[in-house]
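Asker: Predicted coordinates and the sequence they were generated for:
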Amino acid sequence: MVTAGSDRKKIITAALILVALVFAKIMLRPFGALDELWVYNLSRGVAMGYLPYRDVAMETMPLYYLVFSLPLLLYRSLFVYRIATALMFSALAISFYRISSKMTDHLRGLLASSVFVALMDYSTYNGLMVLLMFFVFILFGRLNTRNAVIAGVLSGFAILCRQTSGVLFVIAVLCFMWFYKSFRKYILPFLIGWTVIMCMFAVYLLATDSFAAFWDCCLFALIGSNETNSIFLADGITAGVIAAAGVAASIYLIRKNHSKDDVLHLVFGLVLLTIAVPIVDLMHMLYSAAWFLIPILKLVDNKVSGSFLKITIAAVSAVGLFLGVFELPQTCLDNRYRELWMIPVRSSEIEYYEQLISFNSRFVEEGKHVVILTSGRCIISIMTDSFDTVYDNYFIANKGTRGPISFIEEDMENPDVMFLIPDDYEEENWTNPRGVLSYIQSECEPVERYDAFVWYAPG
């Protein structure tokens, strides 16, 4: 007989396992992964007083950076940021466990969530949006007027994490509610909650003088002729296969059981698939793949023994822990830099960027203004406790409708300007807008070189 006490024990055990894995993966990760540092840098920029759109052009929505700037107001460091993101990922893992265990059982739910955590990558706005989606899914399990309003509020926040998938999520939820007559009465409360958030966001944009810049960056630039950062990586193939198998399993379960829960699960999963547009890789495909593990495991039912599931969970957890710590022996703690306190770093990488900073400092002492154009620009900002509102976020399709070369042309008018840019496109220069390197090479002369990095001055 299953008791409330035994259920509570299972939930606590699952939560402890998942939280331990999350914190090990995030807190022990060596410094240097740009997917983490780009979003940390924008969050620290907000904490330093720079606002999205008004001060920093970007094509993403602002909620993630606003939320994670708050702990950085207390102490601006990557360590504090990692604690905050580990808490978010812990909530994400526990809520996923709650959903998957309710749709299957404790062990299969723990297996699905262990796989989810083992393959989790870096914290981004996608993770925050998915967490909000999970909360909405849970609320639909006991939908009433109050919960419908809350679901609308959370769906509004989801849009403020990512406009494309967020808007599709709201549309998908409304279609689901309209399809089932018993849910139609909750559409208005849902829309009221959503509208409140949208109105608050509009007031925020107007109050911060960001309204026009927001639409330029987050709408007109997306539908215009700007470059796109489309990427397809092989590590997304396995996740894509799992997601496809899960979609098939979901459709089979819907046809077999005619359950609203299975339909709702499929609807949410289809929205999660859109996270992988336009970047198809494991980090973006993971959310949909993990979500669609649930119907696959649901079909397994009693065909797999509990002992086998426990062994598999232990193996997955061990792999997840290994992925979090296997690079740790190659690192050390270097607390000379305020924002890198208690962060495992590779001495060679820190020394490499110290050389770049040293060259830059020499040119600055000579009265030069050095513009840094590299994917690792944020590392220099973090190490020098600075923030560049233009070039820290100078990526493909990230400057609104304004041509990215125009920023370089403006700086070129300064006779004391110098440009630091790598000439190795595949390794160091791939995030720069197209044509930047060739423009600088045609208009400037090389002055100094360090490894792949070259300092140019107008000719």
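Answerer: Everything's here; your move.
Asker: tally of neighbours for residue 200?
Answerer: 13 (other Cβ atoms under 10 Å). C-beta coordinates here come from the backbone N, C-alpha and C atoms, glycine included.
Asker: Reduced to three states, what does it come out as?
Answerer: Following DSSP: H, G, I helix; E, B strand; the rest coil, the label given to residue 200 is helix.
Asker: Can you check the pLDDT for it?
Answerer: Note on residue 200: pLDDT of 97.
Asker: State the mean pLDDT of stretch 416-425.
Answerer: 88.
Asker: quick one: low-confidence parts of the stretch 301-450 of the chain?
Answerer: Confidence mapping of the stretch 301-450 of the chain against pLDDT under 70 gives the ranges 302, 397, 425-429.
Asker: What ranges does it have for its helices?
Answerer: 306-325, 347-365, 377-384, 405-412, 436-443 (DSSP state H, counting those that start in this stretch).
Asker: Repeat that for the stretch 101-250 of the chain.
Answerer: For the stretch 101-250 of the chain, helices defined by DSSP H, counting those that start in this stretch occupy the ranges 106-118, 125-140, 145-159, 163-179, 181-184, 187-207, 211-215, 221-223, 236-257.
Asker: re the thing from before, which of the helices of the stretch 301-450 of the chain has the highest mean neighbour count?
Answerer: With neighbours taken as mean count of other Cβ atoms under 10 Å, those reach their highest mean count in helix 377-384, at a mean of 21.
Asker: how close does residue 8 sit to residue 271?
Answerer: 32 Å (Cβ to Cβ, to the nearest Å).
Asker: Between these two, point out the one with more neighbours.
Answerer: More neighbours surround residue 271 than the other of residue 8 and residue 271, with 25 against 10 (other Cβ under 10 Å).
Asker: That one belongs to a helix?
Answerer: Yes: the assignment for residue 271 by three-state DSSP puts it in a helix.
Asker: Nearest residue to it in space, please, no chain neighbours.
Answerer: residue 169 (4.7 Å; Cβ to Cβ, 6 or more residues apart in numbering).
Asker: ok, the closest residue to residue 209 other than its chain neighbours - contacts?
Answerer: With Cβ to Cβ, 6+ apart as the criterion, residue 209 has its nearest non-adjacent residue at 5.5 Å, and that residue is residue 54. Applying Cβ atoms under 8 Å, 6 or more residues apart in numbering to residue 54 gives the contacts 208, 209, 210, 213.
Asker: Please apply the same query to residue 161.
Answerer: Per Cβ under 8 Å, 6+ apart, neighbours of residue 161: 61, 63, 64, 125, 126, 128, 129, 132.
Asker: try it again with 7 Å
Answerer: With Cβ atoms under 7 Å, 6 or more residues apart in numbering as the criterion, the residues that contact residue 161 are 61, 63, 64, 125, 128, 129, 132.
Asker: Thought residue 159 was touching the last one, still the case?
Answerer: No: with contact defined as Cβ atoms under 7 Å, residue 132 does not count as touching residue 159 (9.5 Å).
Asker: hey, which of the helices of the stretch 101-250 of the chain is tucked in deepest?
Answerer: Greatest average neighbour count among these goes to helix 106-118 (a mean of 24), per mean count of other Cβ under 10 Å.
Asker: What are the contacting residues of that one?
Answerer: Helix 106-118 is contacted by residues 10, 14, 18, 21-22, 93, 96-97, 100-101, 290, 293-294, 297, 306, 309-310, 312-313, 316-317, 319-320, 323 when judged by Cβ under 7 Å, 6+ apart.
Asker: how far is it from where the chain is centred?
Answerer: Relative to its chain's centre, helix 106-118 lies at 21 Å (Cα atoms, centre = their mean, to the nearest Å).
Asker: Leaving out chain neighbours, which residue sits closest to residue 62?
Answerer: Leaving aside its chain neighbours, residue 62 sits nearest to residue 52 (4.1 Å; criterion: Cβ to Cβ, 6+ apart).
Asker: residues in contact with the residue nearest in space to the middle of the chain?
Answerer: Geometric centre of the chain, nearest residue: residue 124, 1.6 Å, by Cα atoms, centre = their mean. Residues in contact with residue 124 (Cβ under 7 Å, 6+ apart) are 39, 64.
Asker: Start the count at 502 instead of 1 going forward.
Answerer: Will do, 502 is the new start, and the previous item becomes residue 625.
Asker: Got the phi and psi for it?
Answerer: The phi/psi pair for residue 625 (degrees, to the nearest 10) reads phi -140, psi -180.
Asker: Next: residue 687.
Answerer: Residue 687 adopts backbone torsions of phi -100, psi 0, taken as degrees, to the nearest 10.
Asker: who's in contact with it?
Answerer: By Cβ under 7 Å, 6+ apart, the contact set of residue 687 is 644, 646, 649, 678.
Asker: what's the most distant pair in the residues you listed?
Answerer: 646 and 678 (12.9 Å; Cβ to Cβ).
Asker: Format the helices of the stretch 602-751 of the chain as TSV; extra columns: distance to residue 905.
Answerer: Shown next, in TSV, are the helices of the stretch 602-751 of the chain (distance: least, Cβ to Cβ, whole Å):
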stretch	distance to residue 905
helix 607-619	37
helix 626-641	22
helix 646-660	26
helix 664-680	21
helix 682-685	46
helix 688-708	23
helix 712-716	16
helix 722-724	11
helix 737-758	27
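Asker: Check the secondary structure at the residue nearest to residue 710 for me.
Answerer: The three-state label given to residue 555 by three-state DSSP is coil.
Asker: can you pull the pLDDT of it?
Answerer: Value listed for residue 555 in the pLDDT field: 93.
Asker: For residue 724, see how far away it is.
Answerer: 22 Å.
Asker: mean pLDDT for the helices of the stretch 602-751 of the chain: which is lowest?
Answerer: Here the lowest mean pLDDT among the helices of the stretch 602-751 of the chain goes to helix 722-724, at a mean of 72.
Asker: Surely residue 585 is in contact with residue 569?
Answerer: Yes: contact criterion Cβ under 7 Å: residue 585 and residue 569 qualify, at 5.7 Å.
Asker: between the two, which one's more packed in?
Answerer: Remark: of residue 585 and residue 569, residue 569 carries more neighbours, 24 against 18, as counted by other Cβ under 10 Å.
Asker: In which helix or strand does the more buried one reside?
Answerer: helix 564-575 (DSSP states H and E).
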